[in-house]
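>>> sequence plus predicted model, see below.
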Amino acid sequence: MSGNLKVGIIGLDTSHAVVFTKLLNDPSEKHHVPGGKVVIAFPGGSPDFDLSISRVEGFTNELRSIFNVKITESIEQVAEKSDAILLESVDGRVHLEQLRRVISYRKPIFIDKPFSLKTETAAEMVKLASVYQTPVMSTSALRYADNLIEILSKSDKGEIIGADCFGPMEMQVKQPGFFWYGIHSVEMLFVILGKDFEYVTTITNDDHDVIIGQRHDGLLGTIRGNRKGNNQFGALIHFEQGTEYVDVTAAEKPYYASLLAQIMDFFQDGVPRVSLAETREVIRFIEAANESRITGKQVLI
């Protein structure tokens, strides 16, 4: 592809749509990401989800008036008029149907978290990408927090033997259980320990959750979710010769800017930085954690 891609956005019901547009379209932005500009967008919005529909008008006006983005009422026109697509709809329930409508255009697509809200839906989306030979990538920005990546790449303390991640765990009825905010900490756990988890157990009360994941090789990782008190994201990474603390908010560069840089590279070469096989396992991990939260039992992934 050319070095200056025409980027289209589907879903103007999340602040990510505005943040990504500013980072791409404003060269004076401190953390400007080169390689393309947002030129067209479809507002979308879920009428039965207030945190979606209540944001659409404001974000749409901002993209139109400040960044001169063409606003269309057609998802298909976004695909037709762009080189690559940011599918930003905040409601994970609509991602499959929106993907169906643009997948045949064979433009690279980034799908913001959550990829889907069910394993079966995730499998269908992965199959669509394969059938149409369309590059698709999905992940939380927390994977690319500079402090996390730096410790993972530079630590001299031997092999990783475990990890304890933590973050806010707000719940939303329309995005069940850990799919709303929990996915961020799950993605951190996966980038630290890798995939191939076998069992998940969740311990819960009104204010906090602890999710314990066990991989096939016996490696353990935990996620602490807080609905009261600490709203910080972070992790303790346990190495053979010591433990490193990661404060993902302490880096000078915002993690969403680091994510967007990865997305733009993906748009150029068509190689997802996170495989769809891993993304599907992330969805199954969250689904299993939700099930364990209800039943109190260990759940097989």
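Looks like it came in fine.

>>> which residues of this structure fall in helices?
Ranges of helices in the chain, per DSSP state H, are 15-25, 50-67, 75-80, 95-102, 119-131, 146-154, 182-193, 255-269, 276-295.

>>> by mean pLDDT, show me the worst of those helices.
Lowest mean pLDDT within those: helix 146-154, a mean of 93.

>>> could you check the angle helix 182-193 makes with that helix?
For helix 146-154 against helix 182-193, the angle by axes from the mean of the first three to the mean of the last three CA atoms, to 10 degrees is 20 degrees.

>>> coming back round to it: looking at the helices of the chain, which is buried most?
Among those, helix 182-193 has the highest mean neighbour count (mean count of other CB atoms under 10 Å), at a mean of 25. Using the backbone N, CA and C atoms, a C-beta is placed for each residue, glycine as well.

>>> put the alpha carbons of it into CSV.
Extracted in CSV, the C-alpha atoms of helix 182-193 (Å, rounded to 0.1, in the frame of the first residue of the first chain):
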residue,chain,number,x,y,z
GLY,A,182,-11.7,-7.0,32.2
ILE,A,183,-10.4,-7.6,28.7
HIS,A,184,-7.6,-5.1,29.2
SER,A,185,-6.0,-7.0,32.1
VAL,A,186,-6.6,-10.3,30.2
GLU,A,187,-4.7,-9.0,27.2
MET,A,188,-1.8,-8.0,29.5
LEU,A,189,-1.7,-11.5,30.9
PHE,A,190,-1.6,-13.0,27.5
VAL,A,191,1.2,-10.8,26.2
ILE,A,192,3.2,-11.7,29.3
LEU,A,193,2.6,-15.5,29.5
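
>>> ok, and what's touching it?
Residues from elsewhere that reach helix 182-193 (CB atoms under 8 Å, 6 or more residues apart in numbering): 113-114, 139-143, 145, 148, 152, 160, 162-163, 165-167, 169, 178, 209, 211, 213, 215, 219, 221, 223-225, 233, 235, 237, 248, 278, 281-282, 285-286, 289.

>>> can I have the buried ones of the residues you listed as a PyMOL selection?
Command for PyMOL that selects the buried part of the contacts of helix 182-193, burial taken from 16 or more other CB atoms under 10 Å:
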select buried, resi 113+114+139+140+141+142+143+145+148+160+162+163+165+166+167+169+178+209+211+213+215+219+221+223+224+225+233+235+237+248+278+281+282+285+286+289
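
>>> check what pLDDT the residue nearest to L117 when sequence neighbours are not counted gets.
Excluding the flanking residues, the one nearest L117 by CB to CB, 6 or more residues apart in numbering is G92, at 4.6 Å. Looking at G92, its pLDDT reads 98.

>>> and the strands in the stretch 101-250 of the chain, which stretches?
109-111, 136-137, 160-168, 197-204, 208-215, 220-226, 234-239, 242-247 (DSSP state E, counting those that start in this stretch).

>>> how many residues are close by K174?
17 (other CB atoms under 10 Å).

>>> F49 is in contact with that one, correct?
Yes: when contacts are counted by CB atoms under 8 Å, K174 is listed as touching F49 (4.6 Å).
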